[in-house]
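*Asks:* Next input, structure requested:
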Amino acid sequence: MARLRPARTYRNIDSQTWARYSLKNQKKNYIRAMPRRSILIFDMGSKNDAYDMEATLTSKGKIQIRSNALESARQAANRYLEMNIPGMYFFKVLVYPHSVIREHKMATGAGADRLSRGMSQSFGRPIGVAARVNERQPIFVINTYSKNKEVVHEAYRRAASKLSGLYRVNVSYAQARAAAAE
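*Replies:* You can find the predicted model right below:
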């Protein structure tokens, strides 16, 4: 099984995204075969209009999050919510990993310098997909009752530990949202 590089190698947004993949016109593709994304489920829990609290996990800076990190954070938060408040929450992933991560795999060992000569700034091969997140952009949202505030904060703490970067939990209540809408 191939080992993944650490998240710090991909988290900075330092170049343009390579996401063009066309099924109709193959000649326009930057990517010949789109890598699969790890995250498949985006909505969890039970949807209910009576929830009076909405909590979002937002990013404190621009960052790129790989799809396997999003899936790991989603599973950690959803598992904690399901154990403590089953059926009393709605959890949604708001970002979609579509930016292709490319890597130029270098040869290692004896004589590798002869193979690697002249390959600086290579375009590389696609190895995965990531979501590009801007500063103050929400990543996850949980709708629940206000009595479950501590459970939601702990679920977000567990989810944020799976993601690279810094995050903040923003909580809003139904009364405040209704007043803001008027």
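*Asks:* Mind giving me the packing neighbours of the biggest helix by length in the chain?
*Replies:* What stands out as the longest helix in the chain, according to DSSP state H, is helix 67-84. Counting contacts by 3 or more CB pairs under 8 Å, 6 or more residues apart in numbering; DSSP states H and E, helix 67-84 is packed against strand 43-45, strand 89-93, strand 125-133, strand 138-144, helix 149-160. To be clear about C-beta, it is placed using only N, CA and C from the backbone, and glycine gets the same treatment.
*Asks:* quick one, phi psi at Y51?
*Replies:* Per-residue torsions, Y51: phi -70, psi 140 (degrees, to the nearest 10).
*Asks:* And it, how far from R168?
*Replies:* 21 Å (CB to CB, to the nearest Å).
*Asks:* Report pLDDT for the residue nearest the centre of the chain.
*Replies:* The centroid of the chain falls nearest to L70 when counting by CA atoms, centre = their mean (3.7 Å). Listed pLDDT for L70 reads 93.
*Asks:* for L163, same thing?
*Replies:* For L163, the pLDDT comes out at 91.
*Asks:* Please tell me how far it sits from R74.
*Replies:* 10 Å.
*Asks:* With V141 instead?
*Replies:* Distance, V141 to R74, using CB to CB: 12 Å.
*Asks:* I101 too?
*Replies:* According to CB to CB, I101 stands 19 Å off from R74.
*Asks:* Of those two, give the one with the bigger neighbour count.
*Replies:* A count of neighbours by other CB atoms under 10 Å puts R74 above the other of I101 and R74, at 23 against 20.
*Asks:* what number of residues lie near A131?
*Replies:* As a burial measure, A131 scores 22 neighbours (other CB under 10 Å).
*Asks:* Looking at strand pairing, list the partners for it.
*Replies:* Beta bridges link A131 to I65, judged by DSSP bridges.
*Asks:* hmm, back to that, and Y51 and R168? which has more neighbours close in?
*Replies:* A direct count of neighbours by other CB under 10 Å for Y51 and R168 places Y51 higher, at 19 against 12.
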